[in-house]
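Visitor: Sharing a sequence plus its predicted fold:
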Amino acid sequence: MAKIGVIGLGNMGLPMAGNLLKKGHEVAGFDLVRDNMDQAAARGVGARRSAEEAATGVDCVVTMLPAGRHVLEVYGSGILKAAKPGTLFIDSSTIDVSAARAAHKLAGEAKMLSLDAPVSGGVGGAEAATLTFMCGGTKDAFGKAKPILEAMGKKIVHCGDGGAGQAAKICNNMMLGISMIGVSEAFVLAEKLGLSHQALFDVASTSSGQCWALTSYCPVPGPVPTSPANNSYKPGFASALMLKDLKLAQEAAAAAGATTPLGAAAAQIYGMHNAWGEGGTDFSGIIQLIRGKGK
């Protein structure tokens with residue numbers, strides 16, 4: 001079993017740390033928010049007074065932070081100096097590809113192994129240890145990280161060199177955002193045409209309209225009992241996070257010279273949803289904006 005430092009104990013990092021403990025790893029953690037630290041301690045995570053302390057004397061450091069600048073700040077603030085040479089650094093934040101590559105460079109210069117490993121599966125997946133990890137880095141880093149990631153997730157994919165994990169994450173979530181808008185538009189049209197939610201679901205879920213946004217996360221109550229639509233759109237995956245990922249996709253598209261007109265439109269639509277004050281609701285609540293029902 002490994003000694004692991006976890007930096008960032010929020011909605012995702014906290015249950016991930018908890019699952020590492022359940023698998024027998026020794027886990028120390030740090031977060032700037034006192035309440036997050038208290039909740040982590042209640043799960044058995046060893047409290048540390050700083051990110052540097054969390055990175056001291058461990059085999060692996062896992063970061064789960066809001067944005068690329070936070071990752072680079074933490075990497076540059078002293079955790080790479082505090083860690084012993086050869087420590088494995090796994091960044092599971094969702095950040096821009098350029099920041100991910102910069103973090104790999106910093107880790108390499110400090111003679112550390114590193115992996116960018118953003119996740120898919122939301123808070124529910126983090127609690128249930130069923131996350132998908134999309135990994136970028138060397139084969140050596142991936143090989144050493146895999147047993148640790150398997151304590152927190154169900155699907156672990158090596159996508160390529162440094163930054164490839166982030167590239168896979170933003171491409172996947174761009175598809176998800178686009179498809180949720182499409183599914184929502186179809187249900188709103190069905191309502192206008194007098195077609196029941198269940199009838200459309202029964203047809204589309206076994207026809208060419210089938211997709212994850214429909215069959216696992218249906219944006220209307222009823223057809224998929226576990227979807228947030230049945231719980232007042234309480235997030236699984238907040239609209240603000242979807243907007244963040246769509247913006248990252250647009251930044252990457254601009255840098256790469258890729259044309260993504262539907263991705264751009266999805267970013268604008270989720271921007272409106274957030275501007276309505278719905279950033280804290282689930283991203284499937286976009287159907288309310290399409291209906292014209294918002295704040």
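Guide: The structure has been received and is ready for your questions.

Visitor: Can you give the domain ranges for this structure?
Guide: Here the domain parsing of the chain from automatic domain parsing is 3-162, 167-291.

Visitor: Contacts only, for the closest residue in space to residue 13 that isn't next to it in sequence.
Guide: Leaving aside its sequence neighbours, residue 13 sits nearest to residue 64 (CB to CB, 6 or more residues apart in numbering; 3.6 Å). Every C-beta, even on glycine, is put in place using the N, C-alpha and C of the backbone. Residues in contact with residue 64, defined by CB atoms under 8 Å, 6 or more residues apart in numbering, are 6-10, 12-13, 16, 92-93.

Visitor: now residue 64: how far from residue 123?
Guide: 12 Å (CB to CB, to the nearest Å).

Visitor: between the two, what contacts are shared?
Guide: Joint contacts of residue 64 and residue 123 (CB under 8 Å, 6+ apart) are residue 12.

Visitor: I'd say residue 217 and residue 233 touch.
Guide: No - here residue 217 does not reach residue 233: they are 11.0 Å apart, not a contact under CB atoms under 8 Å.

Visitor: Quick check: neighbours shared by the two?
Guide: residue 284.

Visitor: before we move on, the earlier item: the domains of the chain into a markdown table, with extra columns for mean pLDDT?
Guide: Listed next are those as a markdown table, based on pLDDT from 0 to 100:
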| stretch | mean pLDDT |
| --- | --- |
| domain 3-162 | 97 |
| domain 167-291 | 97 |
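
Visitor: Comparing those domains, which stretch has the densest surroundings?
Guide: Sort the domains of the chain by mean neighbour count, taking mean count of other CB atoms under 10 Å, and domain 3-162 sits at the top with a mean of 20.

Visitor: and the residue nearest to the spatial centre of the chain, what does it touch?
Guide: The residue lying closest to the centre of the chain (CA atoms, centre = their mean) is residue 119, at 4.5 Å. Counting by CB under 8 Å, 6+ apart, residue 119 touches 12, 92, 94, 125-126, 131-134, 153, 169.

Visitor: Swap in 6 Å and give it another go.
Guide: Residue 119 makes contacts with 92, 131, 133, as judged by CB atoms under 6 Å, 6 or more residues apart in numbering.

Visitor: out of these, which one sits closest to residue 282?
Guide: Nearest to residue 282 among the contacts of residue 119, counting by CB to CB, is residue 131 at 17.7 Å.

Visitor: Which residue comes closest to the closest one once chain neighbours are left out?
Guide: Closest residue in space to residue 131, ignoring its immediate chain neighbours: residue 153 at 3.7 Å, by CB to CB, 6+ apart.

Visitor: next one: phi and psi at that neighbour?
Guide: Residue 153 adopts backbone torsions of phi -140, psi 170, taken as degrees, to the nearest 10.

Visitor: Who are the packing partners of the strand or helix carrying residue 166?
Guide: Following DSSP states H and E, one finds residue 166 within helix 164-192. With contacts taken as 3 or more CB pairs under 6 Å, 6 or more residues apart in numbering; DSSP states H and E, helix 164-192 sits against helix 97-109, strand 131-137, helix 212-215, helix 239-256, helix 261-273, helix 286-291.

Visitor: Alpha carbons of the following helix or strand past the second one, as CSV, please.
Guide: Right, the one you point to is strand 131-137. Moving toward the C-terminus from strand 131-137, the next helix or strand (DSSP H and E) is helix 139-149. Output of helix 139-149 as CSV, limited to C-alpha atoms (Å, rounded to 0.1, in the frame of the first residue of the first chain):
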residue,chain,number,x,y,z
LYS,A,139,4.1,4.6,-19.8
ASP,A,140,6.2,4.4,-16.6
ALA,A,141,4.1,7.0,-14.8
PHE,A,142,0.9,5.4,-16.0
GLY,A,143,2.0,2.0,-14.9
LYS,A,144,2.8,3.3,-11.4
ALA,A,145,-0.4,5.3,-11.2
LYS,A,146,-2.8,2.6,-12.4
PRO,A,147,-3.1,0.7,-9.1
ILE,A,148,-3.8,4.0,-7.2
LEU,A,149,-6.3,5.2,-9.8
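
Visitor: Quick check, pLDDT for the closest residue to residue 101 other than its chain neighbours.
Guide: Distances taken as CB to CB, 6+ apart place residue 163 nearest to residue 101, at 4.5 Å, with adjacent residues excluded. Looking at residue 163, its pLDDT stands at 97.

Visitor: hang on, residue 163 packs against residue 99?
Guide: No - using CB atoms under 6 Å, residue 163 is not in contact with residue 99; the gap is 9.0 Å.

Visitor: Please state the offset of the strand or helix carrying residue 73 from the chain centre?
Guide: Residue 73 belongs to helix 68-74 when assigned by DSSP H and E. Centroid separation for helix 68-74 versus its chain: 16 Å, with CA atoms, centre = their mean, to the nearest Å.
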